[in-house]
Every structure is written in C-alpha cells, then in structure tokens.
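1. predicted model follows, preceded by the sequence.
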Amino acid sequence: MAVYTQVSAEAAERLLALYDVGRLVSLKGIAEGVENSNYLLETDRARFILTLYESRVDPADLPYFHNLLAHLHNAGCPVPRFIDDRQGNWLQDLLGKKACLIEFLPGISVSEPTPIQAAAVGKSMAQMHKAVAGFSEAKPNPLGQESWKPLFERCDRAAAESLLPGLADDIARECDWLEANWPSELPKHAVHTDLFPDNVLFRGDAVGGLIDFYFACTDFRAFDLAVTHAAWSFSNDGKSYLADIGRALLQGYGEVIHLSDAEKQAFALLGRGASLRFLLTRLYDWINTPAGALVTRKDPLAFHRRLEFYRSADVVALFGVEQ
C-alpha cells in the first residue's frame with residue numbers, strides 16, 4: 001500500500017454518497033507498500049480501505065481480483081470483500097483512477113513473527129490453496145519468470161552498480177540461469193504471490209486476515225509458498241536466515257497440503273526466483289519512485305542477500321528432515 005494520488009475529504013464524501021455506509025469521519029493515507037494509493041477511511045458506521053489503482057495495476061484485471069476474493073470469502077478464508085454501492089457497483093472512477101471501497105479487517109501485522117505465528121501463516125496459505133480448487137478463472141503472472149530479464153533491462157545498470165559493485169552482472173547471470181532451469185510441471189492454480197508480513201493480519205497468534213491480492217495470478221503453488229518463505233524467514237535486511245521461522249512456516253503448510261517430492265526438490269530454485277523477482281521490482285522502484293510520493297522505498301539488497309542464501313540451500317536445510 002502507498003499514496004500516489006491525493007484524495008481530499010470533499011472527493012471522499014462525493015464517493016461515499018454513492019454508498020450506504022455512513023458519513024465520512026476521517027481519511028488517512030497509508031504509506032506502506034508500493035503499488036496503489038490506499039487510505040484508511042472511517043465513517044460513522046465502520047472502517048474501510050479506499051484503494052485507487054495506479055499504473056502497475058491493469059483495470060482489466062480488477063474483475064479477476066474481485067471474483068477471486070469473493071470465491072475465497074465464500075470458502076471461509078479470512079479475506080476482505082469489495083463493498084457494493086447502492087446500485088450494486090463495486091468499481092468506481094475517482095480522480096481519473098479506478099477505485100474501490102474494501103472491507104476493513106481488524107488485526108495487526110507483525111514485524112518479528114514467532115514460530116507459532118509462522119506456522120499459522122503456512123497453514124492459512126495452504127487452506128487458501130485448497131479453497132481455490134473450484135476457482136476456474138486463470139490469469140498469467142505478469143511478474144513471473146519470463147518477465148524478469150525484460151524488467152532488468154528497464155533498470156539503469158549504473159544505478160544497480162551504485163548499490164553494490166557487480167550487482168548488474170550478477171542479476172544478468174541469475175536471469176539466464178533461472179530461464180534455463182525453471183520448472184514447468186509443478187501444480188499450478190490461483191495464488192497470492194505477495195504474502196509478506198504486512199499482508200497478514202493477526203489476532204493474537206491466529207491469522208485474522210489475508211489482504212492485498214493485487215499480485216494474485218495463476219502460478220505454481222510452491223512458488224507462492226517460496227515467496228512467503230523468503231518474505232518471512234529472514235531478518236528485514238536479509239542478512240540472517242531464521243531457520244525456526246522458515247521450518248515452522250513449511251510445517252504449518254504441510255499440515256494441510258503435502259508438497260510433492262518434485263516441489264520440495266525445486267524449492268531452493270523457486271526461492272531464488274522469488275528473491276530475484278523482489279530484488280528486481282525493488283530495484284526498479286528504487287530508481288523510478290516519483291518525488292513527493294507518500295511511499296516507503298524498500299532496499300533491493302535485502303533480497304539479493306536472500307538470493308545468495310537460496311543458491312546454497314538444500315532440502316534438508318529448508319525442511320529440516322531427510323528426504
């Protein structure tokens with residue numbers, strides 16, 4: 001989440017006039033994240049998230065996100081719903097952008113998860129993966145393996161080198177290696193691909209909400225798990241691997257879904273892909289974030305360090321058992 005488009009109280013009130021959700025009490029921009037403009041909007045009846053979709057989200061993809069969340073909600077997963085206006089419309093136009101009013105889920109995001117919380121996240125992800133079995137819509141991953149080399153070519157190599165000498169050449173080699181070694185036959189269905197700690201809401205040690213599905217797509221379920229493993233199992237700077245967190249997350253997932261031998265054997269490779277994907281998008285945003293945007297830029301090198309970990313990791317180190 002972030003704020004690129006400034007929404008005035010008057011604009012918010014005009015939007016709320018379309019809904020039967022009460023009168024505006026407060027409106028506050030949310031700085032976390034990098035994709036869309038988000039506000040915590042409170043009325044005299046309830047709280048909501050107001051989201052304006054910025055350039056990286058294709059409006060044509062919004063029905064997919066809406067339908068996926070509706071499917072998951074109906075299956076009992078703790079995900080937010082899009083709010084309909086009085087005419088039954090969930091998608092609006094606001095300040096030249098597509099916009100939605102979304103259910104606010106209570107809970108807190110943790111920055112230092114415990115193994116119990118990590119296991120709960122793994123279990124919730126697996127339950128989500130089981131719930132999408134009946135979801136028939138498909139959407140290619142716009143930030144999947146085939147996109148990484150073209151994305152890197154859009155990044156300024158000198159800017160990459162200024163962060164770390166040799167980084168540009170290392171990324172280029174990794175793009176080539178993953179292109180040559182990426183699997184093709186693993187189980188695939190609708191996945192989140194961005195389940196970072198700030199996209200999970202806890203109530204105590206229980207998962208109370210899974211949010212921010214705007215990278216959802218059709219891809220390998222094990223890649224989705226690898227993204228979450230890379231996001232949760234390291235110190236924020238990527239310098240330390242937290243083995244107890246990583247293993248708890250995988251064990252929690254395994255309580256619901258047993259990964260195949262092929263998925264386990266490919267997991268370190270998928271972790272490399274997950275690390276490169278976020279290294280590249282962070283690098284691109286580091287270079288191109290507009291001045292004045294209310295957004296927290298994130299260090300690309302934190303995922304370069306994760307990439308180095310997965311290059312040397314094996315199945316025993318990751319899963320904690322002999323295969």
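-> Thanks, I have the structure now.
2. what's the neighbour count on residue 179?
-> 12 (other Cβ atoms under 10 Å). From N, CA and C alone the C-beta is placed, and that goes for glycine too.
3. thought it was touching residue 145?
-> Yes - taking Cβ atoms under 8 Å as the definition, residue 179 is a contact partner of residue 145 at 6.8 Å.
4. quick one: residues in contact with stretch 138-148.
-> Outside stretch 138-148, the residues that touch it by Cβ atoms under 8 Å, 6 or more residues apart in numbering are 61, 64, 151, 175, 178-179, 182, 190, 193, 215-219, 273, 276-277, 280-281.
5. rounded mean pLDDT for that stretch, please.
-> Stretch 138-148 carries an average pLDDT of 97.
6. could you find the closest non-adjacent residue to residue 304?
-> For residue 304, ignoring the flanking residues on the chain, the nearest one in space by Cβ to Cβ, 6 or more residues apart in numbering is residue 279 at 5.4 Å.
7. for the one you found, what are its contacts?
-> 171, 300, 301, 303, 304, 307 are the contacts of residue 279 under Cβ under 8 Å, 6+ apart.
8. please report the distance of it from residue 20.
-> According to Cβ to Cβ, to the nearest Å, residue 279 and residue 20 sit 45 Å apart.
9. what of residue 250?
-> Distance check for residue 250 against residue 20: by Cβ to Cβ, it reads 44 Å.
10. ok, then the element right after the longest helix seen in the chain?
-> Longest helix in the chain, counting residues (DSSP state H): helix 267-288. Counting by DSSP states H and E, the next helix or strand C-terminal to helix 267-288 is helix 301-312.
11. show me the strands in the stretch 151-300 of the chain, by range?
-> Assigned by DSSP state E, counting those that start in this stretch, the strands in the stretch 151-300 of the chain fall at 188-191, 200-203, 206-210, 217-220.
12. can you add distance to residue 37 and mean pLDDT and give those back as TSV?
-> TSV is the format used below for the strands of the stretch 151-300 of the chain (distance: least, Cβ to Cβ, whole Å; pLDDT from 0 to 100):
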stretch	distance to residue 37	mean pLDDT
strand 188-191	25	98
strand 200-203	20	97
strand 206-210	20	97
strand 217-220	22	98
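13. out of the ones you listed, nearest to residue 117?
-> strand 200-203 (6.2 Å; Cβ to Cβ).
14. against which helices or strands is the closest one packed?
-> The criterion is 3 or more Cβ pairs under 8 Å, 6 or more residues apart in numbering; DSSP states H and E, and the helices and strands that strand 200-203 contacts are helix 115-131, strand 206-210.
15. nearest to residue 29, of the strands of the stretch 151-300 of the chain?
-> The stretch from those with the least distance to residue 29 (Cβ to Cβ) is strand 200-203; that distance is 19.0 Å.
16. I'm done for today, thanks for sticking with me.
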